[in-house]
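[1] quick one, what's the 3D model for this:
(chains A, B, C and D)
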There are 2 protein chains.
Amino acid sequence: MDDSSRTGGRGARERILATATRLFLQQGINATGMAELCAEAHVSTRTLYQHFTSKDDLVGAYLRRFDDERLLGTEQALTRTDLPAAERLRAVFAKPVLETVYRGCPFHNAAVEIADQQHPARVVVAAHKAAFLALLTETAAEAGAADPALLGQQLAVVFEGATALSTSLGSLDPIDHARSIADLLIAGAIG
Amino acid sequence: MDDSSRTGGRGARERILATATRLFLQQGINATGMAELCAEAHVSTRTLYQHFTSKDDLVGAYLRRFDDERLLGTEQALTRTDLPAAERLRAVFAKPVLETVYRGCPFHNAAVEIADQQHPARVVVAAHKAAFLALLTETAAEAGAADPALLGQQLAVVFEGATALSTSLGSLDPIDHARSIADLLIAGAIG
DNA sequence: CCCGGAGTACAACGATCGTTGTACCGACAG
DNA sequence: CTGTCGGTACAACGATCGTTGTACTCCGGG
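    This next block holds a predicted model:
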């Protein structure tokens, strides 16, 4: 049963991306070396660089995967078809959903770690946040909010605050307080 | 006028801390090398390591300085004596104040960059956020809020959201939306 | 005058980083 | 059977990282 004697075999790309997702989230991007990543993914260094031309490239793919595969509970909540719009907005701030990003939003974390505003990954981050904002606004409009754009922006701020403060404090408490604000904002804009 | 021919001269410690503050904020902690820091501070490598035993040590001092010297506009706003408590709470979200941390709260950024929950700098971060939270709650109580603890926690989330989302988006817009939420929360809790 | 502390110059350390070159292997399709 | 394609092993690259050792200079106070 020495599965990993010759390491993983076929399907290296998925293993790389899965491992990158795990390690980047746990340890951060800068703190995760390519050698460590290869070891954990049971992939040789050479194979990794045949799938991704550089670490920057891998980081880009890592981030894009969250959008492509709807990995984030928040986007899942906003696209549920079994809930009315107002409930979808509230579902974003449900405890189990927010807990999926309690180590901080991967996009925001990447933005902080990279700093260089010109870096390709930063473009991906800004694009994601803009799309998230648009989805919130759209849902707010569908829910009949008085000022959908305002409500969308406000909810985006509260969401970012919950994940960020959780990281800084190392605690999940901010999630509850974020939900209380969201409830208030939504009720005020619709009721 | 070759001031820096033999570099800075006396007072190296202050120059190091000032330069560290500037570079860590602009480029991030990991992206700022010790060599670069020494060059910009007009200080020799050896001198730096006589004042700070390691980079970790310097990062700790860098963070502590924000508290010790009241460098953050937010804490300044909360300790103003010329304003009633409710106005102090609102002053935290004033545009010029929030703009001082629009590149992201230095404490939060440090938490994201370091990742290791056990790292001494992380302790400083958590302590700062806890103190900030306490100051908010205290001021909320003085302002006569119905539930000072709740209002304090809520405002902390909104504040963190403003700075974090500004970083991710590379835009100052979230500041205005944060203020609109804060106004609403404060009015609701007091009025 | 001279001592000592603060600062400097410069080179080098080992470690780790991201990246690439070369040669080889195993499985599946033709 | 044979080609080829995906994967592997391993070593090495140059760069940069944080850190330290050694020897020197400057300046103010006693």
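
[2] how about the residues of chain A by DNA strand D?
    Taking Cβ under 7 Å from any atom of the strand as the contact definition, chain A meets DNA strand D at A:5-13, A:42-47, A:50-51. For every residue, glycine as well, the C-beta is placed using N, CA and C.

[3] got the phi/psi numbers for whichever residue of chain A sits closest to chain B?
    Closest residue of chain A to chain B, Cβ to the nearest Cβ: residue A:161 (2.6 Å). Here is the backbone geometry of residue A:161 (degrees, to the nearest 10): phi -60, psi -40.

[4] just checking, what packs against the helix or strand in which residue A:39 is found?
    Assessed by DSSP states H and E, residue A:39 sits inside helix A:34-41. Contact partners of helix A:34-41 among helices and strands, from 3 or more Cβ pairs under 8 Å, 6 or more residues apart in numbering or on different chains; DSSP states H and E: helix A:12-27, helix A:45-51.

[5] okay, now the unreliable bits of chain A?
    By pLDDT under 70, the weakly predicted segments of chain A are A:1-6.

[6] how about the helices and strands packed on helix A:34-41, which one is nearest residue A:97?
    helix A:12-27 (16.1 Å; Cβ to Cβ).

[7] how about that closest one, does it reach chain B?
    Yes: using Cβ under 8 Å from any Cβ of the partner chain, we find that helix A:12-27 touches chain B at A:26-27.

[8] against which helices or strands is that helix packed?
    helix A:34-41, helix A:45-51, helix A:55-68.

[9] distance to residue B:56 and mean neighbour count for those - can I get that in JSON lines?
    Below are the helices and strands packed on helix A:12-27 laid out as JSON lines (distance: least, Cβ to Cβ, whole Å; neighbours: other Cβ atoms under 10 Å in any protein chain shown):
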{"stretch": "helix A:34-41", "distance to residue B:56": "21", "mean neighbour count": "17"}
{"stretch": "helix A:45-51", "distance to residue B:56": "30", "mean neighbour count": "14"}
{"stretch": "helix A:55-68", "distance to residue B:56": "24", "mean neighbour count": "17"}
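
[10] dump those helices to a markdown table, plus distance to residue A:174.
    What follows is these, written out as a markdown table (distance: least, Cβ to Cβ, whole Å):
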| stretch | distance to residue A:174 |
| --- | --- |
| helix A:34-41 | 31 |
| helix A:45-51 | 36 |
| helix A:55-68 | 21 |
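
[11] tell me which of those helices sits nearest to residue A:141.
    That would be helix A:55-68 among the helices and strands packed on helix A:12-27, by Cβ to Cβ, at 21.6 Å.

[12] so residue A:82, which of the three states?
    coil (DSSP: H, G, I helix; E, B strand; the rest coil).

[13] check residue A:102 too.
    Residue A:102 ends up coil, using three-state DSSP.

[14] wait, it sits on residue A:172?
    Yes: when contacts are counted by Cβ atoms under 8 Å, residue A:102 is listed as touching residue A:172 (5.8 Å).

[15] count of residues packed around residue A:187?
    A total of 11 residues lie near residue A:187 under the criterion other Cβ atoms under 10 Å in any protein chain shown.

[16] need the three-state assignment for it.
    Per three-state DSSP, the local secondary structure of residue A:187 is helix.

[17] got it, and residue A:112?
    Going by three-state DSSP, the secondary structure assigned to residue A:112 is helix.

[18] gap between residue A:178 and residue B:183?
    Per Cβ to Cβ, to the nearest Å, residue A:178 is found 18 Å from residue B:183.

[19] so those two - more neighbours on which side?
    residue A:178 (29 against 13).

[20] now find how far off-centre the helix or strand containing that one is within its chain.
    Assigned by DSSP H and E, residue A:178 belongs to helix A:173-190. With Cα atoms, centre = their mean, to the nearest Å as the basis, helix A:173-190 stands 20 Å off its chain's centre.

[21] what residues sit buried inside it?
    For helix A:173-190, the neighbour count (16 or more other Cβ atoms under 10 Å in any protein chain shown) marks A:174-175, A:177-182, A:184-186, A:189 as buried.

[22] and for stretch A:126-139?
    In stretch A:126-139, counting by 16+ other Cβ under 10 Å, buried: A:126, A:128-129, A:132-133, A:135-137, A:139.

[23] which members of those residues occur in helices, if any?
    Among the buried residues of stretch A:126-139, DSSP state H puts A:126, A:128-129, A:132-133, A:135-137, A:139 in helices.

[24] keeping just the C-alphas, turn stretch A:98-116 into PDB.
    Coordinates of the C-alpha atoms in stretch A:98-116 are reproduced here as PDB (Å, rounded to 0.1, in the frame of the first residue of the first chain):
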ATOM      1  CA  LEU A  98     -19.400  33.000   7.300                       C
ATOM      2  CA  GLU A  99     -17.400  30.400   9.200                       C
ATOM      3  CA  THR A 100     -16.100  29.100   5.900                       C
ATOM      4  CA  VAL A 101     -14.100  32.300   5.500                       C
ATOM      5  CA  TYR A 102     -13.400  32.900   9.200                       C
ATOM      6  CA  ARG A 103      -9.600  32.800   8.500                       C
ATOM      7  CA  GLY A 104     -10.200  35.800   6.400                       C
ATOM      8  CA  CYS A 105     -11.500  36.200   2.800                       C
ATOM      9  CA  PRO A 106      -8.900  34.500   0.600                       C
ATOM     10  CA  PHE A 107      -9.200  37.400  -1.900                       C
ATOM     11  CA  HIS A 108      -8.600  40.000   0.700                       C
ATOM     12  CA  ASN A 109      -5.800  38.100   2.300                       C
ATOM     13  CA  ALA A 110      -4.100  37.800  -1.100                       C
ATOM     14  CA  ALA A 111      -4.500  41.600  -1.600                       C
ATOM     15  CA  VAL A 112      -2.800  42.200   1.700                       C
ATOM     16  CA  GLU A 113       0.000  39.700   1.100                       C
ATOM     17  CA  ILE A 114       0.800  41.000  -2.300                       C
ATOM     18  CA  ALA A 115       0.700  44.800  -1.800                       C
ATOM     19  CA  ASP A 116       1.800  45.600  -5.300                       C
END
